[in-house]
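>>> structure, please.
(chains A and B)
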Amino acid sequence: TQLLEQSPQFLSIQEGENLTVYCNSSSVFSSLQWYRQEPGEGPVLLVTVVTGGEVKKLKRLTFQFGDARKDSSLHITAAQPGDTGLYLCAGALTGGGNKLTFGTGTQLKVEL
Amino acid sequence: NAGVTQTPKFQVLKTGQSMTLQCAQDMNHNSMYWYRQDPGMGLRLIYYSASEGTTDKGEVPNGYNVSRLNKREFSLRLESAAPSQTSVYFCASSPGERGNQPQHFGDGTRLSIL
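Next up, the predicted model:
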């Protein structure tokens, strides 16, 4: 059983469209991170959210942590081909030390 | 800036063979991790080392062993490889104990077991 479920699993859109990726769990996390992974490389951290209801913006990317700290979303405005990649959420369980539980991943393809 | 270095990048093994995946970090991080990545399953933690001298099992430890050789190096060993261990393996490191610290990943080892 996967602790963190991401949806959708695959997303193919045209340049300029908006999209939202969801990361859901029945568990409460003390913090949640989002990573992006490109082919042949390891994941790279985009953002960390630690407070319920927190919203962080990174240029055209907006990240939100749910009020109950069980879910998160990533919204991309006016997607560009450079946004193509695998997006992974990862949560730190309370009392779990520095271990992360990764989500199932969302593969995004942005076409011209 | 090397960060996290994994060797080898690719490997093909026959069922029953053994091998060790190497990982080294140059960021003076305390914690190191080994993950495997399979399609549709994200990253699953195999073993981790919260600090030098300690190792603990993760979500999928069966069939693997690890050694935290020193602060820089954390190796993963497959004693008797099985086709189910075909995967991409990632090593990562983070500064320390708190879960909200970023993890830095290597570029992975692509392992095929025939």
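>>> rest of the way, CA atoms for contacts and neighbours
Noted.
>>> around chain A, pick out the residues from chain B.
Within reach of chain A by Cα under 8 Å from any Cα of the partner chain, chain B has these residues: B:40-45, B:50, B:90, B:96-108.
>>> hmm, 7 Å instead?
B:40-44, B:97-100, B:102, B:104-108 (Cα under 7 Å from any Cα of the partner chain).
>>> can you tell me how far residue A:112 is from residue A:84?
Look at residue A:112 and residue A:84: by Cα to Cα, to the nearest Å, they are 11 Å apart.
>>> the two: which is more packed in?
Legend: neighbour count by other Cα atoms under 10 Å in any protein chain shown for residue A:112 and residue A:84, higher for residue A:84 (20 against 9).
>>> list the contacts of that one.
A:108-110 (Cα atoms under 7 Å, 6 or more residues apart in numbering or on different chains).
>>> now a ChimeraX select for only the buried ones of those residues.
Those of the contacts of residue A:84 that count as buried under 16 or more other Cα atoms under 10 Å in any protein chain shown are selected in ChimeraX with:
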select /A:108,109,110
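>>> which of the contacts of residue A:84 fall in strands?
A:108-110 (DSSP state E).
>>> what is the burial count for residue B:78?
18.
>>> now swap in residue A:73 and tell me
When neighbours are counted by other Cα under 10 Å, residue A:73 comes out with 20.
>>> strands paired with the host helix or strand of residue A:86, and their directions?
Per DSSP states H and E: residue A:86 is located in strand A:85-93. According to DSSP bridges, strand A:85-93 forms sheet pairs with strand A:29-37 (antiparallel), strand A:101-102 (antiparallel), strand A:106-111 (antiparallel).
>>> what's the closest non-adjacent residue to residue A:29?
residue A:93 (4.6 Å; Cα to Cα, 6 or more residues apart in numbering or on different chains).
>>> what's the burial count for residue 30?
All of this is about chain A. 19.
>>> was after chain B, sorry
17.
>>> quick one: contacts for it?
Contacts of residue B:30 (Cα under 7 Å, 6+ apart): B:50-52, B:71, B:94-96.
>>> check residue A:29 too.
Per Cα under 7 Å, 6+ apart, neighbours of residue A:29: A:69-70, A:91-94.
>>> if we can go back for a sec, who's in contact with the strand holding residue A:86?
A:23, A:28-38, A:98-103, A:105-109, B:99-100.
>>> now those: which count as buried?
Here, 16+ other Cα under 10 Å leaves A:23, A:28-37, A:98-103, A:105-109, B:99-100 buried among the contacts of strand A:85-93.
>>> the most centrally placed residue in chain B bridge partners, please.
Taking Cα atoms, centre = their mean, the centroid of chain B lies closest to residue B:34, which sits 2.6 Å from it. Residue B:34 has these beta-bridge partners by DSSP bridges: residue B:47, residue B:91.
>>> thank you, goodbye.
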